[in-house]
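Q: please work out how this folds:
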Amino acid sequence: MKLVVATQDDQIVNVEVDPGTEVENLKAILQAETDIPTDDQVLMASGKIIQSGTLSGNGVGDNDVVMLMRKPPGAGAGAGAAVSGASNPTAVDPSDGSAVNPVEYIRYLKGDPAQLAQIARVLPELHSAVMSENQAEFQKILRALHQSKLKEEERKKAEIDLLNADPFDMEAQAKIQAMIDQSNVNENYEQAMENTPEAFGSVIMLYVDMEVNGHPLKAFVDSGAQMTIMSLGCAQRLGLERLIDSRWQGVAKGVGTQKIIGRVHQAPIKVGNKHLACAITVLEKEQDMDFLLGLDMLKRHQCCIDLEKNELRIGSAEVALPFLGEADLPASARPQNFEEQPATPAPAADSGAGAAPAAAAGGDDAKIAKLMELGFAKEQCEQALGAAGGNEEHAAAILFGG
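A: Residues are numbered from 1 along each chain as shown. Next up is the predicted model:
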């Protein structure tokens, strides 16, 4: 009988074997064709793992499509799986997609507000299982997502076969190339989630405590800003409005433009127990931050941003100011998390126009149409696009990743 074997990197291998061929012998043949060691191979047919024994005994028939997947590094049975789960809280069993260590996986998700908010938008039932720490329901949902992913891979394989039927059809070849490119993007995303999950977390900005004209405030340290600035409202609160020199009017350009209404040539600031003089440019409109310490003052006072020690060292005053933790930041500088800005999950009983997320209302119809071409429902595409902030590639990664 003939078998069509498809690998995760879209490689197609045609194999002709007897129905009574042992699974281990088929793996040996595939090792020669794909360079994937037999111990790293996971074979699936009709959504089921092909176990040991004969192919016919596992329900594999003539012209069946067999998926060949590679086990993730460190994943295995017994002690190997335990080690993988201990080193990586998000490790999953490649055979069914369940978590190797569901307790650690749930704890990891609960410790990442940004990812938890995304899960709440896209998969409210998984979010509910995480928040209630229901391990049985959590594992059930992960297995269902794994099965959906396998079915999607089989569907894509069938679509590629259909497109390959006419190799001279330029439109079909363009679609194949687009699918391969998206597959590479998804693989890169999954590798990043596996190896550097911290890269998907939020990064807080650098703030320090200081005093300006006798008033305490939290100063935003920005080495990318040319000038030290504050808003007119902040200058009024600090009692510096009378010192603004309007001859220094102009326009500040950066991300957008702001009108400069003047400059305070010498404002008293206090860092630690030392007093310094600071020139401050005053902008007309209110800013998210009251006071921005720019490159002019950082260079003038020989400042060093030390991220290893998490402090701002001011060389001219021989003072080190620790950067503020997330809890001490101004409200406008704190990362948006689930508790402060709760997501509104899609109601289970309402899938009509009233449940459409904001992504659809934002003129993203073209992006949604492209995502639907990948085989997903419109509502799923809208939710994924909203969770990805309008980024089409990130939305596709969310859809393919379940």
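Q: all helices of the stretch 201-350 of the chain, in order?
A: Ranges of helices within the stretch 201-350 of the chain are 232-237, 295-300, based on DSSP state H, counting those that start in this stretch.
Q: buried residues in the longest helix belonging to the chain, which are they?
A: Longest helix in the chain, counting residues (DSSP state H): helix 135-164. By neighbour count on 16 or more other Cβ atoms under 10 Å, the buried set for helix 135-164 is 138-139, 141-143, 145-146, 150, 152-154, 156-157, 159-160, 163. Heads up, the C-betas are built off the backbone N, CA and C, glycines and all.
Q: avg pLDDT for it?
A: Mean pLDDT, helix 135-164: 82.
Q: again with stretch 181-190
A: Mean pLDDT, stretch 181-190: 85.
Q: repeat that for stretch 248-255.
A: On average, stretch 248-255 scores 75.
Q: what do you get for stretch 195-211?
A: Mean predicted lDDT for stretch 195-211 stands at 82.
Q: who touches that stretch?
A: When contacts are defined by Cβ atoms under 8 Å, 6 or more residues apart in numbering, stretch 195-211 is touched by residues 90, 112-115, 192-193, 216-222, 269-271, 293, 305, 312, 321-326, 328-330, 333-335.
Q: where is the longest strand in the chain?
A: As assigned by DSSP state E, the longest strand anywhere in the chain is strand 256-271.
Q: so Q115 sits right up against Y105, yeah?
A: No. Between Q115 and Y105 there is no contact under Cβ atoms under 8 Å: 11.7 Å.
Q: the stretch 1-150 of the chain: strands as residue ranges?
A: Shown for the stretch 1-150 of the chain, the strands assigned by DSSP state E, counting those that start in this stretch span residues 2-7, 12-16, 41-45, 48-49, 64-70.
Q: list the buried ones in stretch 30-49?
A: 30, 34, 36, 40-45.
Q: and the end-to-end length of it?
A: End-to-end distance of stretch 30-49 (Cα to Cα, to the nearest Å): 16 Å.
Q: give me the mean pLDDT for that stretch.
A: Per-region confidence: stretch 30-49 scores 80 on mean pLDDT.
Q: any idea how this structure splits into domains?
A: According to automatic domain parsing, the chain comprises the domains 2-70, 90-200, 207-333, 354-400.
Q: and among these, the most buried is which?
A: domain 354-400 (a mean of 18; mean count of other Cβ atoms under 10 Å).
Q: residue nearest the centroid of this protein?
A: F200 (4.4 Å; Cα atoms, centre = their mean).
Q: check the offset of stretch 239-258 from the chain's centre.
A: Relative to its chain's centre, stretch 239-258 lies at 38 Å (Cα atoms, centre = their mean, to the nearest Å).
Q: rank the domains of the chain by pLDDT, which is bottom?
A: Mean pLDDT is lowest for domain 354-400 out of the domains of the chain, coming in at a mean of 66.
Q: I'd say E104 and K110 touch.
A: No. If you go by Cβ under 8 Å, E104 and K110 don't touch, sitting 10.7 Å apart.
Q: spatially, which two of the buried residues of stretch 30-49 are the most separated?
A: With distances taken as Cβ to Cβ, the most widely separated pair in the buried residues of stretch 30-49 is D40 and A45, at 18.1 Å.
Q: determine which two of the buried residues of helix 135-164 are furthest apart.
A: Maximum distance among the buried residues of helix 135-164 (Cβ to Cβ): 37.4 Å, for F138 and L163.
Q: ok, which stretches of the stretch 151-300 of the chain are strands?
A: Taking DSSP E, counting those that start in this stretch as the criterion, the stretch 151-300 of the chain carries its strands at 207-212, 215-221, 229-231, 250-254, 256-271, 274-283, 291-293.
Q: A252: which of the buried residues of helix 135-164 is nearest?
A: Nearest to A252 among these, counting by Cβ to Cβ, is L145 at 48.2 Å.
Q: next one: N25 relative to L109, how far apart?
A: 42 Å (Cβ to Cβ, to the nearest Å).
Q: before we move on, what about Q8?
A: Q8 sits 25 Å away from L109, going by Cβ to Cβ.
Q: and for E392?
A: Distance from E392 to L109, counting by Cβ to Cβ: 25 Å.
Q: go on, K27?
A: 35 Å.
Q: and for D10?
A: 31 Å.
Q: likewise for V92?
A: 13 Å.
Q: same question, V60
A: Distance, V60 to L109, using Cβ to Cβ: 37 Å.
Q: now I269
A: Here the criterion is Cβ to Cβ. By it, I269 lies 43 Å from L109.
Q: got it, and E326?
A: For E326, the distance to L109 equals 19 Å [Cβ to Cβ].
Q: and what of D18?
A: Distance, D18 to L109, using Cβ to Cβ: 47 Å.
Q: same check, this time on P89
A: For P89, the distance to L109 equals 9 Å [Cβ to Cβ].
Q: ditto for A320
A: In terms of Cβ to Cβ, A320 sits 36 Å off from L109.
Q: repeat for L206
A: L206 is 28 Å from L109, where distance means Cβ to Cβ.
Q: which among the strands of the stretch 151-300 of the chain is found nearest to Q380?
A: Judging the strands of the stretch 151-300 of the chain by Cβ to Cβ, what sits closest to Q380 is strand 256-271, at 34.7 Å.
Q: contacting residues around that closest one?
A: So strand 256-271 is in contact with 208, 210-214, 232, 235, 238, 240, 243-252, 275-285, 314, 317, 319, 321, going by Cβ under 8 Å, 6+ apart.
Q: repeat that for stretch 57-64.
A: Residues contacting stretch 57-64 (Cβ under 8 Å, 6+ apart): 1-4, 19, 23, 45-46, 48, 50-51, 66.
Q: end to end, how far does it reach?
A: Start-to-end, stretch 57-64 (Cα to Cα) is 14 Å.
Q: check stretch 199-216 too.
A: End residues of stretch 199-216 are separated by 33 Å (Cα to Cα).
Q: go on, stretch 291-309?
A: End-to-end distance for stretch 291-309, by Cα to Cα: 23 Å.
Q: what's the answer for stretch 366-383, then?
A: Start to finish, the residues bounding stretch 366-383 are 15 Å apart (Cα to Cα).
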